[in-house]
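Colleague: 3D model of this:
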Amino acid sequence: MAKAVSGQEEVEGQDEEFLFHLNRGSELLTRGESEPARSSLEKALELRPKDAKVLGLLGQAYYRLTRYDDAGKVWQRLVDDNPVEPSARVNLGLARLKGHRYPDAVKQLEIALDLNPEHKKAMGYLGLALLESGDAQRAKEWFKKAGSDQMVARCDEVLAGRATPVAEPASAEAPAPEPVPAAVAQPPAPQPPPPRPATEAGGLATWAAGRVIPVAKEAATFLLTGEVLSVNVKGDVRVRLDGLFATRGKVTLAGEMKRFRGRPTEKPFGDGPWRMHRASGEGTLLIRAPARRFTVLDLGSEAAYFREEVLFGFEDALAFENGRVPSSVNVDLNLVHLRGGGKFLLATGGSPIAVEVTTDAPLRLPLDALIGWVGGLTPRVTLVNEEDPASAAVELTGEGRVLADPGAGWGDLP
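Modeller: Take a look at the predicted model:
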C-alpha cells in the first residue's frame, strides 16, 4: 500500500532501493566511473524525482559525460527549489557556458556572485563566459578579481587584436562543477521498511559500504546524508544538539551563552535540546534529520540577521551577537547577528526563498515564516489579530532582501 511522504508517493520497499542506487551512484562518481554512475542515479531519480542530492550528483555525472544540456536541466531544478544557494547557480552557469549558451551563463553566474561576492570560481567562469561571448573588457575585470593573471593577459591579447577568444584556452584551468551543494537540503526521508535480506543488495559488506556516513577530515562542516546530519568538528563549531544520537572521535560539548556588544552574557543561547553548544576537538556529531529541512549557506564575508530559532549551527570563523526586537504586543523577535566568512546551518519547515524589500514596498509575513535578512531593514512585530498572540507577524521596511520559510505559515495572513 502506498503512503504520501514529503509530497511524493512512497511504496513500501522503495526506500531501500532508492538508497542503494543513490549510494552506488555516488561511489561510482567518486571513482570516476561516470556512465555507470549516471545509470544508478537516474534509477534513484525515478524513485524520488525531487530529491536534491540525486539532482546534484546526476548533474555532475551528465557534466563529466559532456551532456551539458542534461546537466543544465537537473541543475535548473535545484536552482528553482533553492534560489538563494550560490553553488547551484554556479553549476548551472557552468553547464550553460559549456553548452555555449553564453547570455544565460552570464546571468546565472552574476546572480551567484550577488549571493556570494567572494566566490572565486564564479568569477573565473563569468570571465570565461564574457570572453567567449566577445566582451573581453568585462571578462578582464572578472579575471582580475579571480586572481587569474594568465587569463588577464589573454584578454589583453584579444583586446589588442593579437588573439581571438576560444572556448577553454589551453592555458586556462579546465572548468569543473562545484561539489554537490551542501546548501541544497533534502526533504525528510521516510522511515525505512522492515529489514530485508542483505543478499538482495549484494551482501552485507556491500550494503554497509553504501551506507557509510562521510566523516573524513576534509568533509564539509555540515553534511546531510539521507536522514543523518553530520557535523564534522575540527577545532570549534557551534551547533544545537536536538536529535543528537552519536558522537565519533574526541569532541567536547559546552553550553553557549548569548553575546552582546562583543561580550558573553549570563543568558543561555537557547534552552533544553535547542540550546546552542560549542563543540570542540576533532570528530563528528551525528544528528537525526527527519521532519525538518536543513540548508547550509556561506555568509561570504557579509553580515546578516537571523531569527534565533532558525539558526541551527555555524562555524567558529563567524562572529555572532544576540539581540531582541521588543514589541508592545507581548511577542518578542529574538535575533542573531552573524558576520565574517564561514558557513552556517538553517533548520526550516520548507525550502527557503528570498524576497526583495524596497522603501516603497515593505514586507509583512508571519513571524514563524521569517528566517532572516541582509541589507538595511528595520523589523517591527505586530499582531494580525490583537486577541491572538499566535497571529504574530513581522513587518520589514527599508532596502534589503528577506529570507522566508514558506513551510512555516506562508499565506496565513489576510
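Colleague: wait, residue 74 sits on residue 55?
Modeller: Yes - here residue 74 reaches residue 55: they are 4.7 Å apart, a contact under CB atoms under 8 Å. C-beta coordinates here come from the backbone N, C-alpha and C atoms, glycine included.
Colleague: neighbour-wise, which of those two wins?
Modeller: residue 55 (27 against 23; other CB atoms under 10 Å).
Colleague: run through the residues that contact the nearest residue to residue 235 once chain neighbours are set aside.
Modeller: Spatial nearest neighbour of residue 235, excluding adjacent residues (CB to CB, 6 or more residues apart in numbering): residue 316 at 6.0 Å. Taking CB atoms under 8 Å, 6 or more residues apart in numbering, we find residue 316 in contact with 235-238, 342.
Colleague: make it 7 Å
Modeller: 235-238 (CB atoms under 7 Å, 6 or more residues apart in numbering).
Colleague: now, which of those sits nearest residue 43?
Modeller: Using CB to CB, residue 237 comes nearest to residue 43 of the contacts of residue 316, at 35.4 Å.
Colleague: what is the neighbour count of residue 149?
Modeller: Neighbours of residue 149 using other CB under 10 Å come to 10.
Colleague: typo on my end, it should be residue 265
Modeller: The burial count for residue 265: 12, using other CB under 10 Å.
Colleague: what sits against the residue lying closest to it once chain neighbours are set aside?
Modeller: Spatially, and ignoring its direct neighbours in sequence, residue 265 is nearest to residue 258 (4.8 Å; CB to CB, 6+ apart). Counting by CB under 7 Å, 6+ apart, residue 258 touches 265, 267, 269, 322.
Colleague: shouldn't residue 258 be within a helix?
Modeller: No - read with DSSP: H, G, I helix; E, B strand; the rest coil, residue 258 is strand and lies in no helix.
Colleague: ok, and what's touching stretch 354-366?
Modeller: So stretch 354-366 is in contact with 83-84, 377, 393-404, 409, 412-413, going by CB under 7 Å, 6+ apart.
Colleague: now the helix with the most length in the chain: buried residues?
Modeller: Criterion DSSP state H: the longest helix present in the chain is helix 14-30. Buried residues in helix 14-30, defined by neighbour count with 16 or more other CB atoms under 10 Å: 14-29.
Colleague: show me where the stretch 1-150 of the chain has its strands.
Modeller: 2-5, 8-11 (DSSP state E, counting those that start in this stretch).
Colleague: closest to residue 98 among the contacts of residue 316?
Modeller: residue 237 (35.7 Å).
Colleague: the closest one is in contact with residue 317, isn't it?
Modeller: No - contact criterion CB atoms under 7 Å: residue 237 and residue 317 do not qualify, at 10.0 Å.
Colleague: anything in contact with each of the two?
Modeller: Joint contacts of residue 237 and residue 317 (CB under 7 Å, 6+ apart) do not exist.
Colleague: so for these two, which sits in the more crowded spot?
Modeller: Using other CB under 10 Å, the more surrounded residue of residue 237 and residue 317 is residue 237, with 25 against 15.
Colleague: need phi/psi at that one.
Modeller: Per-residue torsions, residue 237: phi -140, psi 140 (degrees, to the nearest 10).
Colleague: so the residue lying closest to it once chain neighbours are set aside: helix, strand or coil?
Modeller: Nearest non-adjacent residue to residue 237, counting by CB to CB, 6+ apart: residue 279, 4.8 Å away. Following three-state DSSP, residue 279 is assigned to strand.
Colleague: pretty sure residue 279 contacts residue 240?
Modeller: No - contact criterion CB under 7 Å: residue 279 and residue 240 do not qualify, at 10.4 Å.
Colleague: where does the stretch 1-150 of the chain have low pLDDT?
Modeller: Along the stretch 1-150 of the chain, segments meeting pLDDT under 70 span 1-14.
Colleague: which residues of the stretch 151-300 of the chain fall in strands?
Modeller: 222-225, 228-240, 244-255, 257-260, 263-268, 276-288, 293-298.
Colleague: mind listing what's buried in the helix or strand just after the last one?
Modeller: Counting by DSSP states H and E, the element after strand 293-298 in chain order, helix or strand, is strand 302-307. Neighbour-count burial for strand 302-307 flags 302, 304-307 (criterion: 16+ other CB under 10 Å).
Colleague: sorry, back to before: buried only: go through the contacts of stretch 354-366 for me.
Modeller: The buried subset of the contacts of stretch 354-366 - by 16+ other CB under 10 Å - is 84, 377, 393-394, 396-397, 400-404, 409.
Colleague: rank those residues by pLDDT and give me only the lowest.
Modeller: Model confidence across the buried ones among the contacts of stretch 354-366 bottoms out at residue 409, which has 63.
Colleague: returning to what we had before: now the buried ones among the contacts of stretch 354-366 in a markdown table, with distance to residue 98 and secondary structure?
Modeller: A markdown table is the format used below for the buried ones among the contacts of stretch 354-366 (distance: CB to CB, whole Å; DSSP: H, G, I helix; E, B strand; the rest coil):
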| residue | distance to residue 98 | secondary structure |
| --- | --- | --- |
| 84 | 24 | coil |
| 377 | 38 | strand |
| 393 | 45 | strand |
| 394 | 43 | strand |
| 396 | 39 | strand |
| 397 | 43 | strand |
| 400 | 34 | strand |
| 401 | 30 | strand |
| 402 | 34 | strand |
| 403 | 31 | strand |
| 404 | 33 | strand |
| 409 | 41 | coil |
